[in-house]
Each structure stands twice: as C-alpha cells, then as structure tokens.
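Participant: I would like to see how this sequence folds:
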Amino acid sequence: MKRLVIRNLALRKTTLSIYLVLALLSPLLFLTPSSEILSQLGKTITPFLVALYYVLSIKDSAHIYRVHDKLGNHASLYFKSLPVSKKQLLNANYLTMLIFTLFGAIVLTIYTIPYIKFGLGYTIPFSYIAINFFTIAIVFRTCSEEKSENINYFGFLLIMCLLIPLSISVIYIGVRRVLFGEMYVTFTFNPWFNFTYLVVGTVMMLGNYLIQLKKIDKGGI
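Facilitator: Below is the predicted model:
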C-alpha cells in the first residue's frame, strides 16, 4: 500500500509543489509593509495568489479524478493483475485523498483568514474537504484506478460546487420567505451549510469504506 500511495503522490508532485509555494508566500497576505518596495510587491503578488487560490479550490475539489487521469482509463486492468490486494487498493485510495485534502485544506484556510472580516467565513475550505469526501463515496468507491460510476470530472464539479449549493440556497431562501417573510440569506446560513455539507460528506465517505471492507471480507469485489 505504501508504494501505491507514493506513486499517487509522485503523479501529483506539481500540485504539491504549488501548495508549498502558496504556503511559503502566504505571509504576504498578513504583512503591513513599512516600505514602498514591500508595499508594491504585496500589491503585485497578492492578486495572483488569490486568483490561484480560487482556481485550486475548485479544480482540486476532486483530487482522485486527477490522480485517475494521470494513471489512465485502463489502469485498473493492470494494477488488479499485480500481487496487490483489494484492501490495499482501497486503503491507498483513501490515504491519497486524505493527504491531498489535508494539504489543500491547510493552504485554503490560510488564504481564507484575511477575508473573514468580510463575512466570507470558511465556506471554501469546508466545501473543498466535503467534495473530496463525496468524490470517494460516489465515484471512486474501491480504488483510484477505477471509477465506480461513469461521472465526468467537470460534470461532477459543476454539480457539487454549483448546482447543489445553489439549489440548497434557493430552498433556504424560499423557506425563510414563507416562514419569516425574508428575501435574503442571513449569515446563519453559511455555518449551517458548511457544517452540514461536511458532516454528510464525512458520513458517506466512512460508510463507503465500511461497506467496501465488508465486501472484500466476503469476497464480493
């Protein structure tokens, strides 16, 4: 299993390098430059870092898709023919996702801190973690090498990052309108949505893991 995880990390070494660079440059968001040079440097680099932050928060919200793409569509035929157990493939899949999600979440959280005062909260880091959990539970239930459901990467991101949050927002606004006569989403919505999205994703991820272990023990997969 260790070699499988190392292989997956090596396939995404560019992403890990970007995370490291973003983490090293993150102090620019918090410094109050005392010189004109530092001030100009901060104004020049910060917009680029913030733009990269938003790109990664969406593009990397389904890490295993990108690992699968690096492996190729027929990787499962090869790796399942090797002396590697189904449990090792399952564990490597989960561990890979957790490692990438942890690194990404740390970086996204750091870049979110300066904007908390504007009421944005931790919506993006929470959603990022939850969607990575959903990816495992829905699409890559057994291993990184094979999709359990034939769902397109961009279609999945569209549904999880936009359509579901938008639908929930519309329902929430409708309920508030009917019950309280309000036409706007209060700040109580963000914490509620973030927490619920993350909890549901976590439950589905853990539930899938237990189901797959049971199937493996019974020889069902």
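
Participant: which secondary element of this structure has the worst mean pLDDT?
Facilitator: Ranked by mean pLDDT, DSSP states H and E, the weakest helix or strand in the chain is helix 75-79, scoring a mean of 64.

Participant: model confidence over whatever helix or strand comes next after that helix, on average?
Facilitator: Heading C-terminal from helix 75-79, the first helix or strand you meet, by DSSP states H and E, is helix 86-112. Averaging pLDDT along helix 86-112 gives 90.

Participant: Please name every helix or strand in contact with helix 86-112.
Facilitator: helix 2-11, helix 13-25, helix 36-59, helix 63-71, helix 123-138, helix 189-218 (3 or more Cβ pairs under 8 Å, 6 or more residues apart in numbering; DSSP states H and E). Where you see a C-beta, it was placed from the backbone N, CA and C, and this is true even at glycine.

Participant: And the ones you listed: which comes nearest Phe100?
Facilitator: Closest of the helices and strands packed on helix 86-112 to Phe100 is helix 63-71, at 4.2 Å (criterion: Cβ to Cβ).

Participant: Would you mark the buried spots in the closest one?
Facilitator: Buried residues in helix 63-71, counted by 16 or more other Cβ atoms under 10 Å: His63, Ile64, Tyr65, Arg66, Val67, His68, Leu71.

Participant: Mind giving me the packing neighbours of it?
Facilitator: helix 2-11, helix 86-112, helix 123-138, helix 153-158.

Participant: residues contacting the closest residue to Tyr209 other than its chain neighbours?
Facilitator: Closest residue to Tyr209 apart from its sequence neighbours, by Cβ to Cβ, 6 or more residues apart in numbering: Tyr94 at 6.3 Å. Residues in contact with Tyr94 (Cβ atoms under 8 Å, 6 or more residues apart in numbering) are Ile136, Met205, Tyr209.

Participant: Run through the residues that contact the first one.
Facilitator: Contacts for Ile136 (Cβ under 8 Å, 6+ apart) come out as Ile64, Asn93, Tyr94, Met97, Met205, Asn208.

Participant: Kindly report the same for the second one.
Facilitator: Residues in contact with Met205, defined by Cβ under 8 Å, 6+ apart, are Tyr94, Phe133, Phe134, Ile136, Ala137.
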